[in-house]
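Colleague: Pasting the sequence and the predicted coordinates here, then a few questions.
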Amino acid sequence: MSRELVLGIYVLILAAFVGFEVIARVPAVLHTPLMSATNAIHGIVMLGAMLVAGSADTPLLRGLGIVAVALGAANVFGGFVVTDRMLEMFKKKTPAADQKKPGETR
């Protein structure tokens, strides 16, 4: 194996370990705001993945680029879902007696 490949694998494993340790220690109260704030970062990652997939010259790189774009898109979508759920918590709820059921007239 080439020295660059070994170094790349080492950096990938180290980044995955550090990322897991950092995220695992985030309190539950901060997890949702943290996820919503990182949507821009996920967008940048997805843009980079699209650039790599577009400039790939071998089938392996093209496949890895497509997988990276798919995972990045899922991450961006998940971030927006989490943000939407977080914003729902701040909406004022109406009492159950004041809500009308569909088709009901008063």
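Modeller: Good, I have the coordinates.
Colleague: helices and strands of this protein: which one has the lowest mean pLDDT?
Modeller: The helix or strand of the chain with the poorest confidence is helix 28-37; it has a mean of 69 (mean pLDDT, DSSP states H and E).
Colleague: And the residue nearest the centre of the chain?
Modeller: Nearest to the mean C-alpha position of the chain, counting by CA atoms, centre = their mean, stands Asn75 at 2.6 Å.
Colleague: Run through the residues that contact that residue.
Modeller: Asn75 sits next to His42, Val45, Met46 when contact means CB atoms under 8 Å, 6 or more residues apart in numbering. All C-beta spots, glycine's among them, are computed from the backbone N, C-alpha and C.
Colleague: May I see the buried residues of the host helix or strand of it?
Modeller: For Asn75, the element it lies in under DSSP states H and E is helix 59-89. Buried positions in helix 59-89, judged by neighbour count with 16 or more other CB atoms under 10 Å: Gly65, Ala68, Val69, Gly72, Asn75, Val76, Gly79, Val82, Thr83.
Colleague: and which of the residues you listed is nearest Tyr10?
Modeller: Nearest to Tyr10 among those, counting by CB to CB, is Ala68 at 19.4 Å.
Colleague: Fine, thanks again, bye for now.
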